[in-house]
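[1] Quick one, structure for this:
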Amino acid sequence: MKEVEGKVINTPEVDSDDYSTEDSKKSKASDKMAGVFERSKKTQKSPSKHRGGEESKLDMIIDMMQKMKQEQSEIKKEIQQIRAEQTFFREEVIKLKQENENLKKENDQIRKDNIRTKKELKYLKNTVDWMEKERKENNIVVKGIQVNTSDPTVLKDTVETTVKKHLNIDVTIKKVSKIGPRTCEAVLASAEDKAEIMKNRINLKL
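    Down below sits the predicted model:
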């Protein structure tokens with residue numbers, strides 16, 4: 001109560017608790033407002049950070065894609081190189097097969113030539129053996145004839161003359177070879193001529 005000019009005026013009493021409650025309310029309201037502003041600030045800053053994170057992820061993805069593209073390009077080059085090498089080796093194999101086929105044909109021809117050569121050599125050997133046998137069968141050795149030449153014609157005429165003179169027979173002499181100073185080998189035309197000379201050789205006095 002207050003007394004003013006003799007009058008008593010009733011004034012409401014304010015409890016200290018009421019003041020504290022009011023202050024508390026105002027403080028809470030102020031805190032709320034501050035919180036709102038703070039959230040507002042955070043909200044304003046958040047999109048920037050979010051965008052930065054997205055850009056970073058996008059850069060990583062782009063970098064990965066570029067690396068993958070580069071790796072794919074390198075792999076493609078390696079595949080092309082491998083294919084080129086395969087083509088080269090395939091061509092080499094074809095060449096080797098062709099060369100092998102040619103060698104096989106050449107070997108077959110050489111084998112055939114060898115067989116033919118062996119047959120020819122066998123034939124020649126048989127011919128030589130036959131001629132040697134015939135020569136031995138139809139040849140005679142004449143000793144004691146003094147001939148100072150190795151000329152086949154002179155030797156042949158000398159032996160024919162000697163045989164005819166001393167044996168009084170006509171024989172055909174194919175060839176005469178000088179095998180010593182006073183010795184000659186005469187090849188007769190037939191075994192009959194040789195037999196005739198051998199039968200009368202006792203009369204051949206040289």
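[2] Show me what counts as buried in whichever strand in the chain runs longest.
    Ordering each strand of the chain by length in residues (DSSP state E) puts strand 173-180 first. Neighbour-count burial for strand 173-180, counted by 16 or more other CB atoms under 10 Å, picks out Ile173, Val176, Lys178. C-beta: built from backbone N, CA, C; applies to glycine.
[3] can you tell me how far Lys133 sits from Val176?
    19 Å (CB to CB, to the nearest Å).
[4] hang on, Ala186 packs against Asn139?
    Yes: with contact defined as CB atoms under 8 Å, Ala186 counts as touching Asn139 (6.4 Å).
[5] Which one of these two is surrounded by more residues?
    Ala186 (26 against 17; other CB atoms under 10 Å).
[6] looking at this, the more buried one is in a helix?
    No: with DSSP: H, G, I helix; E, B strand; the rest coil as the criterion, Ala186 is located in strand rather than a helix.
[7] What segments of the chain are helices?
    Secondary structure of the chain (DSSP state H): helices at 16-138, 152-167, 191-200.
[8] Ok, which of those helices comes nearest Gly144?
    helix 152-167 (9.0 Å; CB to CB).
[9] Residues in contact with that closest one: which ones?
    142, 145, 147, 149, 169-171, 173, 175-178, 184, 186, 197, 200-201, 203-206 (CB atoms under 8 Å, 6 or more residues apart in numbering).
[10] Filter those down to just the buried residues.
    Looks like the contacts of helix 152-167 have Val142, Ile145, Val147, Val171, Ile173, Val176, Lys178, Cys184, Ala186, Ile197, Leu204 buried, using 16+ other CB under 10 Å.
[11] how about those residues in JSON lines, adding pLDDT and distance to Thr117?
    Formatted as JSON lines, those follow (pLDDT from 0 to 100; distance: CB to CB, whole Å):
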{"residue": "Val142", "pLDDT": "82", "distance to Thr117": "40"}
{"residue": "Ile145", "pLDDT": "78", "distance to Thr117": "43"}
{"residue": "Val147", "pLDDT": "75", "distance to Thr117": "42"}
{"residue": "Val171", "pLDDT": "83", "distance to Thr117": "40"}
{"residue": "Ile173", "pLDDT": "86", "distance to Thr117": "36"}
{"residue": "Val176", "pLDDT": "88", "distance to Thr117": "35"}
{"residue": "Lys178", "pLDDT": "87", "distance to Thr117": "36"}
{"residue": "Cys184", "pLDDT": "85", "distance to Thr117": "37"}
{"residue": "Ala186", "pLDDT": "86", "distance to Thr117": "36"}
{"residue": "Ile197", "pLDDT": "83", "distance to Thr117": "41"}
{"residue": "Leu204", "pLDDT": "64", "distance to Thr117": "47"}
